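Student: could you look at this predicted model? Sequence included:
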Amino acid sequence: MAIFEVESWRVAEGKQAEHDAAMRQWLQWVNDHRELFAEWRSVRYLSKYIAGEDSGRYFVVWEYDSLTAFEAYKARRADYTGSYEEYKENDPYYKDVFDHSTMTMEVWNDEDRDLWLE
């Protein structure tokens, strides 16, 4: 059963341009170093567009084949050593563009995936 890691946040005040550039840089870096993310089935970057007062939140959704794959990736990347040192340098989380007080992280299970439209 696949699982989804969902992180969301608001942009730090006055940092929209820097945020947008940092996210593009991170996504490009991830694409250029795909071998480091074998457990990721997919990664998606979204923003809430029509959601009342919650509009303007940003999301990254990672899809993993299983909780075991999620845990294996997190354990391997945990201390940011080796190739993950460069990952940390490109991770927008460390670039002061998120309002960290608004950040959330959840893990979701897929349900009835055989009936999904993809």
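Tutor: Structure received. Residues are numbered from 1 along each chain as shown.

Student: for residue 8, give me its contacts.
Tutor: Listed by Cβ atoms under 8 Å, 6 or more residues apart in numbering, the contact set of residue 8 reads 57, 58, 59, 102, 103, 104. Using the backbone N, CA and C atoms, a C-beta is placed for each residue, glycine as well.

Student: can we see that at 10 Å?
Tutor: Listed by Cβ atoms under 10 Å, 6 or more residues apart in numbering, the contact set of residue 8 reads 46-48, 54, 57-61, 98, 102-106.

Student: show the buried residues in these.
Tutor: Buried members of those, scored by 16 or more other Cβ atoms under 10 Å, are 57, 58, 60, 61, 98.

Student: pretty sure residue 100 sits in a strand.
Tutor: Yes - under DSSP: H, G, I helix; E, B strand; the rest coil, residue 100 sits within a strand.

Student: any idea how many residues pack against it?
Tutor: Residue 100: 10 surrounding residues under other Cβ atoms under 10 Å.

Student: ok, it touching residue 11?
Tutor: No - Residue 100 lies out of contact with residue 11 (Cβ atoms under 10 Å); the separation is 11.3 Å.

Student: longest helix of the protein, counting residues only.
Tutor: The longest helix of the chain (DSSP state H) is helix 16-32.
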